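In: Turn this into a structure:
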Amino acid sequence: NEYKSYLSPMSDKTRCYYWDKCYRKNKEHLERYLHPSTPSRNTLSPNTLSPSTSSGPTSSSSTSSGPTLSPSTSGSPTSSHPTPCDSTSSATPTRPHTTRVSSKKPLEPRSRTAKRSDRNNSSYFRDTPAGLSILRTANKRAPSPTEGRGKKRPKTNKISITSDRWYFTRVTGHPSKFTDHVAVSFRDILQQDGPIKRSWQFSFIVDIDWLLEEYPEESREGPLFIFVGEKEAKTIRSTINQAKKSKVLSARYARVIVVPVALPIPFGTHHTKMMVLESEKGLRVVIHTANLVFDDWNTKTQGVWVSPLCPKSPSSGISEFYEYLTMYLKSYKLSATDMLCRVLSECDMSHVNQVRLVGSVPGSHSNRNYGYLRLHSLLSQHVNGDIVRPGWRIVANCSSIGTLGESKASWLDDFIDALQAVKTDGLSVSSDRRSLFQLLFPSVDMIRSSLEGYIGGGSVPYSLKVHLKQPWLRGCLCHWKSQEWGRSRVVPHIKTYSRISPDMRNIAWLLLTSANLSKAAWGTKSNAGKSMIRSYELGVLFLPPPGTNTFSPYDPVTARGMLLPYSLPPQSYSKTDKPWLWDVHYDELDAHGNKWPIDPP
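Out: Here you go, the predicted structure:
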C-alpha cells in the first residue's frame, strides 16, 4: 500500500517486444502492450503507431544539455547516453524517462528520426520516444568517427597497479583525494604495458563507438574480440554494418570480431565483465563490474581487479587461477574462447595467486565448480573457523535484486549458509541467519540526491513487482554510504560480498563480482543435488595472505588492508526509508530538477 502513490497509470502494461518497430494495429494488442507513442491508457487507437500521427514528444526550442555530473562542479560532463542496466532477465526492461520542470518556451514537436547531432545531447533521451527504451538505444545509434571525443574523461595517469587488491573506477570531476592510489580509469588499464597487440572483451552491454575511442592510438591495430549475448551481438553488428556504407567509417571497425554467446536457459544473461589484454611484454587479465559504456566507467561506483603481468614463456607455469579460468572459458564452447585458452597456455601464470575465481555458467551442474556452491567450496577450504565465528556478519551490496522467494525460508537461507562456510566443520551457521545478513542498496533519497539524479537509478533495476513479493527482505536492507571515498552520492553499480567481524575491525574475505543477488546469477539447488544456473558471471575472491586469518580495513596512509566500497557499520533502513524501485513514479525533484515518471511523453 505504501507504494500506491508512486504507481504509474501505465505500470500494469507490458512493453511490446518489438517496441518502436512494431507494425501491429490490432486494438487488442495496442491496449495490452506499451508502445513508445502510446499517449495514455484510455486514448489508444489503431493509428497510434502511424508515423504520420506519431511526431514524437516535444522538446524545448532552446535545447537543454541535461543533467551534469555535479551541480557544483564546473566542466563536469553531460552523459550523452545513460548507462544500460544489468538485468537478471535476458529481456532488457525499459528505463523510464525523466521530465525536467522548466519555465522555458513551450515544447515543440521533434521528429522520431532525430538527427545524429541531436542524439549527442542528453535531452534527446528525455524528450523523444527513444527515451523510454534508453537502455538499448544508447547502443543502437548510428556510428560516428568522433564518438566520445567531446566527452570529458577522468585524467589518465601512469600508475602502478598491484594485484593484491581491487580498485575503484575513476569518477569524472572527483577530487584527487578520493581517487589517488585507489582508483583507475579505463585508459589507465589499457596503457599499463605499452601497445596492445590483441584484446578480448567480455561484457553485458557495449557501446562500440566509445570502446574504440578509448583504445590509445598505438593500440588500435590489433584484433578486438567482443563476447556478448546474442541480442547485444546483433546490436553491435548492426552498428558495424551501417558503418560499412561509409568508406571513411568502415576502417575503424575492421579489427572488431563480435562473438555472440548462446544463452540456453530463459532469463539468463551474459553478464561477465572481463578483459584479456596482450602486449609485447605479456598478458593481463582484468575482472571488473562495469559495462563497456561511458557512464559505467566515468559516473558510477565500480570495482576493478588487474592481474600481474604474465610474460610469454616456453615453459609456461600454471596455477589454480589459470586452471579455473581455462575451464570457465572452455564452457563457452566457442572457437574464439578455445583460441584464447591457447594464448593463455603460452604465458607464465604461476605467480597469479592473489585471488580465487568464482564463476557462473548456464546449465545444470552436478559438481561444485560454479555459482554459490563454488564459493561455499572455497570458503570451507580457506576460512579459519576458530577465528571466524557465527556472530560475524555477511555484508553485501549489489545493483539489482531478483525474486528470492515469498517466505523467509527461501533461497536466501541456502545462499547465506554457503557464505558462512568455514574450514572446521564446513558451516558456521547462525540460528538467525537474516539478522546477520546486511544488504546495502540505494534508497529513493540516495538516487534522488546522487550526482546523476534519477537518471543514475536506471542502472539499479529493482522492480516494484519483485519487491512486493518479498517484503521480508526489507529487514536486511541498509543504506549505501561511502564517506571515506567520497562516493555516498555516486550511484553504486559495484557488487561485493564479504564477511566482517562484529566490531568491524576484521574482514575474513571479500568477493568482487559481476553477480547480483539473484537465483539466475548464483544458481538454485535441486532435490537431486544439482545446481541450475541461468547466467554467465565471474568474480574474484580475496582471501587473507598465508600465515594470516583476516584482513584489516584498508588504510590509505599505509596502503594496506582490504578496501571496502562502503562505510562501516552499515546503517539499516528506517521505517520511512524506501528502496529505489525504478518502475514507479517519483514527483519530488532530484538534484537536477527532474522528475521520474514512467508515462510515455
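In: Tell me the pLDDT of residue 546.
Out: Per-residue confidence at residue 546 stands at 88 (pLDDT).
In: Neighbours of it, how many?
Out: 6 (other Cβ atoms under 10 Å). Every residue, glycine included, has its C-beta placed from N, CA and C.
In: Report the secondary structure state of it.
Out: Secondary structure, DSSP: H, G, I helix; E, B strand; the rest coil: residue 546 is coil.
In: what do you get for residue 285?
Out: Applying three-state DSSP: residue 285 is strand.
In: Run through the residues that contact residue 547.
Out: Taking Cβ atoms under 8 Å, 6 or more residues apart in numbering, we find residue 547 in contact with no residue.
In: for residue 360, same thing?
Out: Contacts of residue 360 by Cβ under 8 Å, 6+ apart are 370-371, 515, 521-523, 533, 535-538.
In: hmm, who's touching the helix or strand harbouring residue 512?
Out: Remark: residue 512 resides in strand 507-513, with elements defined by DSSP states H and E. Strand 507-513 has contacts (Cβ under 8 Å, 6+ apart) with 166, 287, 289, 303, 305, 358, 375, 379, 382-383, 387-388, 392, 494-501, 537-544, 549-553, 562, 564.
In: Equivalent analysis for stretch 177-195, please.
Out: Against stretch 177-195 from outside (Cβ under 8 Å, 6+ apart): 153-159, 161, 167-171, 174, 196, 214-216, 218-219, 222, 275, 277, 279-282, 284, 286, 297, 304, 306, 309, 485-487, 554, 556, 559, 563.
In: Name the nearest of the contacts of residue 360 relative to residue 241.
Out: residue 536 (25.7 Å; Cβ to Cβ).
In: so what's the closest one bridging to?
Out: residue 270 (DSSP bridges).
In: Compute the number of surrounding residues for it.
Out: Neighbour number of residue 536 under other Cβ under 10 Å is 28.
In: if I look at it, how far off is residue 514?
Out: Using Cβ to Cβ, to the nearest Å, one gets 8 Å for the distance from residue 536 to residue 514.
In: For the two, list the residues in contact with both.
Out: Joint contacts of residue 536 and residue 514 (Cβ under 8 Å, 6+ apart) are 271-272.
In: Give me the helix or strand of this structure that scores worst on average pLDDT.
Out: None of the helices or strands of the chain scores lower by mean pLDDT, DSSP states H and E than helix 123-127, at a mean of 31.
In: Can you turn the buried part of the contacts of stretch 177-195 into a ChimeraX selection?
Out: Only the buried entries of the contacts of stretch 177-195 go into this ChimeraX selection, using 16 or more other Cβ atoms under 10 Å:
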select :153,154,156,161,167,168,169,170,171,174,196,214,215,219,275,277,279,282,284,286,297,304,306,309,485,487,554,563
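In: Low-confidence regions, this protein specifically.
Out: 1-25, 27-29, 31-159, 316, 408-409, 425-434, 597-601 (pLDDT under 70).
In: which parts of the biggest helix by length in it are buried?
Out: If you go by DSSP state H, the chain has its longest helix at helix 230-243. Within helix 230-243, the residues that count as buried by 16+ other Cβ under 10 Å are 232-233, 235-236, 239-240, 242-243.
In: Determine which two of those are furthest apart.
Out: The widest separation within the buried residues of helix 230-243 (Cβ to Cβ) is 17.0 Å, between 232 and 243.
In: distance between the ends of stretch 351-368?
Out: With Cα to Cα, to the nearest Å as the measure, stretch 351-368 spans 25 Å from end to end.
In: Just give me how far that stretch sits from the chain centre.
Out: Distance, stretch centre to chain centre, for stretch 351-368: 20 Å (Cα atoms, centre = their mean, to the nearest Å).
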